[in-house]
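Participant: After the sequence you'll find the predicted model.
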Amino acid sequence: MSQTSTCLNCNNQVSGNFCNNCGQKTDIHRITFKHFIAHDVLHGLFHVEKGMLFTAKESLTRPGKAALDYIEGKRIRYYNVFYFILLLIGLNLFLSNYYDKLSEIYIGQTFAEESNVTGKKFEHFFTDYAKILIFSFVPLFAVNSFLLFRKRRLNFSEHFIIAGITFLGILLIITADSIVSLLDFTKYFDSVSGYFSFFTSFAVLFFPIFSYYQTFKDYYKKMYFSMRMLVFTLLIIFELVVFMLLIYGYVSDWNFGPLSYRA
C-alpha cells in the first residue's frame with residue numbers, strides 16, 4: 001500500500017485519504033488476485049447490495065421523507081433511484097414472461113392464438129417499448145405534483161426525485177406480487193397469490209397518497225391535500241387514457257373503427 005500527494009486519477013494535489021477534486025482514495029493497492037476478489041469484487045457487491053436494500057427500505061417505509069432527505073443533500077447511502085427502477089422493470093418483465101411459460105406448461109394455456117391484427121400490434125408495441133412506457137409514469141407523477149403542490153417551492157427536477165422514489169416504492173410492491181404469483185403453480189400455496197394480489201391492488205392505489213402526504217403534510221391542511229391528491233389521481237387516469245389512445249392510434253394507423261381480423 002502506498003499513499004501519494006498527487007491524485008493518480010486527476011493529478012490534483014491532495015492531502016488526506018481522498019482527493020478533494022474527484023474523490024479517489026490516495027492509498028493505492030497493488031492489484032493482486034487476493035485483493036481483486038476480496039476488495040474490488042466482494043467489497044463492491046456488498047456496497048451495491050447495501051445501498052439497494054437501504055433505498056428499497058426507505059422507499060417503502062418513508063418515501064416522502066426519503067425524497068426530502070435526498071433533495072436536501074443526504075444522498076451517499078442511496079442507490080441511484082432511476083437505475084433501480086429500470087432494474088425492477090426488467091425483473092418484472094422477466095417474471096411476467098416466466099409466469100406465461102409456466103402457465104403454458106402447467107395449465108396448457110397459450111397466448112398466441114388471437115387472430116386480431118391490431119391486438120397483436122398493440123401487444124408487440126408494449127413488448128418492444130415496455131421499459132419506456134412503464135418509466136413514463138415518473139414524469140407524469142412529476143408534472144402533476146409540480147402543478148398541484150406549489151407551496152413548498154420545489155423545482156421540477158426535485159418533483160422528479162419525489163416521483164421517482166414514489167414510483168420505486170410502487171414497483172417494489174408490484175415486484176413482490178409478481179414473485180408471490182409464482183405460487184399459483186404450487187400444490188398447497190396457490191391461494192396465497194390471490195390474497196396477495198388483492199392486497200397489492202390497494203397498496204398500489206394508496207401508496208402515492210402515503211408518499212405525497214409525507215412530503216407535503218406540513219404545507220397543506222388534510223382537506224386541501226385530499227383535494228389535490230384527488231385531482232392528481234384524476235389527471236393520472238386522464239393522461240393514461242390519452243396515452244393509450246395515442247398508442248392504439250399509432251398501431252392501428254389511426255383507424256378507431258371496428259377491429260379487423262385476418263381472413
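Facilitator: Ah, there it is. Numbering: from 1, shown residues only.

Participant: I'd like to know how far F160 sits from S145.
Facilitator: Using C-beta to C-beta, to the nearest Å, F160 is found at 9 Å from S145. In short, each C-beta sits where N, CA and C put it, glycine included.

Participant: Compare those two (neighbour count), which wins?
Facilitator: Looking at F160 and S145 with other C-beta atoms under 10 Å, you find the greater number of neighbours at S145, namely 28 against 21.

Participant: Pretty sure that one sits against Y212.
Facilitator: Yes. Using C-beta atoms under 8 Å as the test, S145 is close enough to Y212 to be in contact (6.6 Å).

Participant: can you list residues touching both of these two?
Facilitator: Applying C-beta atoms under 8 Å, 6 or more residues apart in numbering, one finds that S145 and Y212 are jointly contacted by I162, F232.

Participant: Assign a three-state SS to Y78, would you?
Facilitator: Secondary structure, DSSP: H, G, I helix; E, B strand; the rest coil: Y78 is coil.

Participant: Once you drop chain neighbours, what's closest to it?
Facilitator: Setting aside the residues directly before and after it, Y78 is nearest to T55 in space (C-beta to C-beta, 6 or more residues apart in numbering), at 5.0 Å.

Participant: Near that neighbour, how many other residues are there?
Facilitator: 22.

Participant: Show the model's pLDDT score for Y220.
Facilitator: What the model reports for Y220 is a pLDDT of 93.

Participant: what do you get for F149?
Facilitator: Among the per-residue scores, F149 holds a pLDDT of 95.

Participant: So it is in contact with R228, correct?
Facilitator: Yes. Proximity of F149 to R228 meets the contact threshold set by C-beta under 8 Å, at 6.5 Å.

Participant: Find residues that contact each of the two.
Facilitator: Taking C-beta under 8 Å, 6+ apart as the contact criterion, the common neighbours of F149 and R228 are Y220.

Participant: Which residues are in contact with the residue nearest the centre of the chain?
Facilitator: The geometric centre of the chain, computed from its C-alpha atoms, lies nearest to I85 (C-alpha atoms, centre = their mean), at 2.8 Å. Contact criterion C-beta under 8 Å, 6+ apart gives F135, V138, G164, F167, L168, L171 as the residues in contact with I85.
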